[in-house]
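In: I would like the atomic coordinates for the input below:
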Amino acid sequence: MGMGKKELLEKIKETGSIKAAAIEMKISYRHAWEMIKKMNTISDAPLVIKNTGGSSGGGTIVTKEGEELIACYIKLNAAFEEFKEQICKTI
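Out: Residues are numbered from 1 along each chain as shown. You can find the predicted model right below:
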């Protein structure tokens, strides 16, 4: 998981839409969907669930596992930045 996939999950969570998330990120819908498929395949549980249209209008949700992955990424990134700052002080 990198910054791009984290951002995609966050944008889907905000917008409820893969298409809207892709537009905000300035990537194609196809690229966004490929990223989601890779994440869902690697993960033990789906991170994103797409509901098809119809009378309810469809939409896409980030699952609890997806939200936990976002939080974990943020914590790990913060810890890495702190570590990097400490190392840079000793060089």
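
In: for this protein, which spans come out with low pLDDT?
Out: By pLDDT under 70, the low-scoring segments of the chain are 53-57.

In: for it, what spans make up the helices?
Out: 3-15, 18-25, 29-42, 64-90 (DSSP state H).

In: to N51, which of the ones you listed lies closest?
Out: helix 18-25 (10.9 Å; C-beta to C-beta). Every C-beta, even on glycine, is put in place using the N, C-alpha and C of the backbone.

In: coming back round to it: G58 is nearest to which of the helices of the chain?
Out: Closest among the helices of the chain, using C-beta to C-beta: helix 18-25, at 10.2 Å.

In: and that closest one, what does it pack onto?
Out: helix 3-15, helix 29-42 (3 or more C-beta pairs under 8 Å, 6 or more residues apart in numbering; DSSP states H and E).

In: which other residues reach it?
Out: Contacts to helix 18-25, defined as C-beta atoms under 8 Å, 6 or more residues apart in numbering, come from residues 4, 7-8, 11-12, 14-15, 28-29, 31-33, 36, 48, 50, 60.

In: one more pass at 7 Å, please.
Out: Here helix 18-25 makes contact (C-beta atoms under 7 Å, 6 or more residues apart in numbering) with E7, L8, K11, I12, T15, S28, Y29, A32, W33, I36, K50, T60.
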